[in-house]
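*Asks:* Everything below, folded, please.
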Amino acid sequence: MLPTVLIVDDEKHTREGLRQALEEQYDIYLAQDADQAFNLMESEQFDVVITDLRMPGGKSGLKVIDRALTLPNRPVVIMMTAYGNVESAVEAMKRGATDFLTKPVNLEKLEILIQRALKSRTLETENKQLHERLDAKFNLEGIVGNSTALQQVVERVKLVAPSRATILISGETGTGKELIAQAVHQLSQRSKAAFVAVHCAALPANLLESELFGHERGSFTGATERRIGRFESADGGTLFLDEIGEINLTTQVKLLRFLEQRTFERIGSSKSITVDVRLIAATNRNLEQMVKEGTFREDLYFRLNVVQVAMPPLRERTDDIPLLLDHFLKSFAKENGIEPPVFEAGAMRCLQAYPWPGNIRELRNFAENAVVLHRSARIHEYDLEPKFRGGTGVLQGSVGEGGAAPGAATAGTSGGLAAPRPGPLSVEENEKKLLREALLQARGNRTRAAKLLGISRRTLHRKLVEWPELDVIDR
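*Replies:* Numbers count the residues shown, from 1 in each chain. Next up is the predicted model:
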């Protein structure tokens, strides 16, 4: 689709001449005065408006500029006039014109101006769309979950985001600490400036200081050029330091000085640099314990911990697991152009009982795996890996009448029946666990489950009548 250009000029030969020069590259519209231009702008969407300054009818090209810049999708405007004086150019630029040309128009220069203006408009549009996507992604309204634990975090972030306060986000790995930091940034008045993240654990101690504060050329071996650090890059915005507990004591001193004075020096320089940066730090370690052990400065801890946001682990917000899983399944399904699978009630109960040591990150990976690898539209409890069902192995023993019959699953066999967890269990409890694991292994097929257990199908049926809760097929 060609870019659309509106040419507004009361001189017919000028209008037609510009049309002929530009029509191979652009979709051209013509207007002989401001009123005609206004009508076209109401009915069409333009990328570029080229307008004469002086036209009959009492409405000049400045009025065209004013109207064009009130449109929802603002075009770029180029002013042209035979009266090429400084005052006209200044007034046109003040009104919002992108550039200014004198008549007779230099067509080569005009094409350069149009291309430059269109490129600028594209970048502006992409930047706006990027901010809109960031707002949608990191705005707290888009954070998935209704649990009390998460809502307490949301309310705390809403209160602290508009302030200048330093924030310490604590929580286990994978709980979404960086997501909360980005949400704080997007909800603050710094949202149009940079959000710069540094993962402290990923950098060697000897490089972290340079990464944060920068260095001068020749300040150490290998410093062949001046380097601008992350603090300078984040000026006016937010600097997020993830895994703050991993920084060494030397870097801690420089960080403390910044928090106290808002200044720092590049490595190899004595010149103080002042920046306006909001600091958000995160850790999965117990900084109070590290203070006691002497590995983290107490004064720095108090400077960082002005406002603490504690992220709950996923096992403490199990009500959110179905919502999060649905969110991730739909997202990955959309990426892969397929329909997301549906988890049956029994499978969902297992997932809510699982402790999720990797937290949301582990759940996200699980969802992607389910979308990419699972061929069925519905996922049952027996489709899950044993760890999600609480299984750890197989148990030697019998079910029903007598000892283990030929063909019964035993430790180390390929049956893969999960053993009950250690602890004092009655014979009945052990029997129930073996029955359920056999059904899970057999994916609900009772004949196969009976063979795995070395019992008859009739015996298995009788047991399921007695203990109907063991049947793994969701009804």
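*Asks:* Give me the buried positions along stretch 87-101.
*Replies:* Ser88, Ala89, Glu91, Ala92, Arg95, Ala97, Thr98, Asp99, Phe100, Leu101 (16 or more other CB atoms under 10 Å). C-beta coordinates here come from the backbone N, C-alpha and C atoms, glycine included.
*Asks:* again with stretch 366-377
*Replies:* Phe366, Ala367, Glu368, Ala370, Val371.
*Asks:* residues in contact with it?
*Replies:* Contacts to stretch 366-377, defined as CB atoms under 8 Å, 6 or more residues apart in numbering, come from residues 325, 328-329, 331-333, 336, 338-342, 379, 383.
*Asks:* Among the residues you listed, name the ones in helices.
*Replies:* Leu325, Phe328, Leu329, Ser331, Phe332, Ala333, Asn336 (DSSP state H).
*Asks:* pLDDT weak spots in the stretch 301-450 of the chain?
*Replies:* With pLDDT under 70 as the threshold, the stretch 301-450 of the chain has low-confidence stretches at 391-427.
*Asks:* 80 instead?
*Replies:* 374-376, 382, 390-433, 436, 443-444 (pLDDT under 80).
*Asks:* what about the strands in it?
*Replies:* Secondary structure of the stretch 301-450 of the chain by DSSP state E, counting those that start in this stretch: the strands cover 307-310, 342-343, 378-379.
*Asks:* any residues touching the longest one, and which ones?
*Replies:* For strand 307-310, the surrounding residues in contact (CB under 8 Å, 6+ apart) are Val153, Arg156, Val157, Val160, Ala165, Thr166, Ile167, Leu168, Ile169, Ser170, Gly171, Ile180.
*Asks:* Could you identify the most distant pair in the residues you listed?
*Replies:* Ala165 and Gly171 (18.5 Å; CB to CB).
*Asks:* neighbour-wise, which of the two wins?
*Replies:* Using other CB atoms under 10 Å as the criterion, Ala165 and Gly171 rank with Gly171 on top: 19 against 14.
*Asks:* In space, what's closest to the more buried one - neighbours in sequence excluded?
*Replies:* Leaving aside its chain neighbours, Gly171 sits nearest to Met311 (3.0 Å; criterion: CB to CB, 6 or more residues apart in numbering).
*Asks:* For that neighbour, which residues are in contact?
*Replies:* Val153, Ile169, Ser170, Gly171, Glu172, Thr175, Gly176, Lys177, Ile180.
*Asks:* Can you check the pLDDT for the fourth one?
*Replies:* Model confidence at Gly171, expressed as pLDDT, equals 95.
*Asks:* circling back: now, the contacts of Met311 that are in strands?
*Replies:* Among the contacts of Met311, the ones falling in strands (DSSP state E) are Ile169, Ser170.
*Asks:* and of the contacts of Met311, the nearest to Ala202?
*Replies:* Proximity of those to Ala202 was ranked by CB to CB; the top entry is Lys177 with 14.7 Å.
*Asks:* any idea how far that closest one lies from Gly222?
*Replies:* Going from Lys177 to Gly222 by CB to CB, to the nearest Å gives 32 Å.
*Asks:* Glu293 now?
*Replies:* Per CB to CB, Glu293 is found 33 Å from Gly222.
*Asks:* now Glu265
*Replies:* 19 Å.
*Asks:* from what I can see Ile78 touches Gly96, true?
*Replies:* No - taking contacts as CB atoms under 8 Å, Ile78 lies outside contact range of Gly96: 11.3 Å.
*Asks:* give the contact list for Phe46.
*Replies:* Here Phe46 is in contact with Thr4, Val5, Leu6, Tyr29, Leu40, Ala68, Pro75 (criterion: CB under 8 Å, 6+ apart).
*Asks:* Can you tell me the element it falls in?
*Replies:* For Phe46, there is no host helix or strand (DSSP states H and E).
*Asks:* What does the pLDDT read for Leu464?
*Replies:* 79.
*Asks:* How is it assigned, secondary-structure-wise?
*Replies:* The three-state label given to Leu464 by DSSP: H, G, I helix; E, B strand; the rest coil is helix.
*Asks:* Skip the chain neighbours and tell me the closest residue to Ile267.
*Replies:* His215 (3.8 Å).
*Asks:* again, but for Arg226
*Replies:* Per CB to CB, 6+ apart, closest to Arg226 is Arg217, 5.1 Å.
*Asks:* Am I right that that neighbour is in contact with Glu225?
*Replies:* Yes - taking contacts as CB under 8 Å, Arg217 lies within contact range of Glu225: 5.6 Å.
*Asks:* Would you map the strands across the stretch 1-150 of the chain?
*Replies:* Under the criterion DSSP E, counting those that start in this stretch, strands of the stretch 1-150 of the chain are mapped to 4-8, 27-31, 48-52, 76-81, 99-102.
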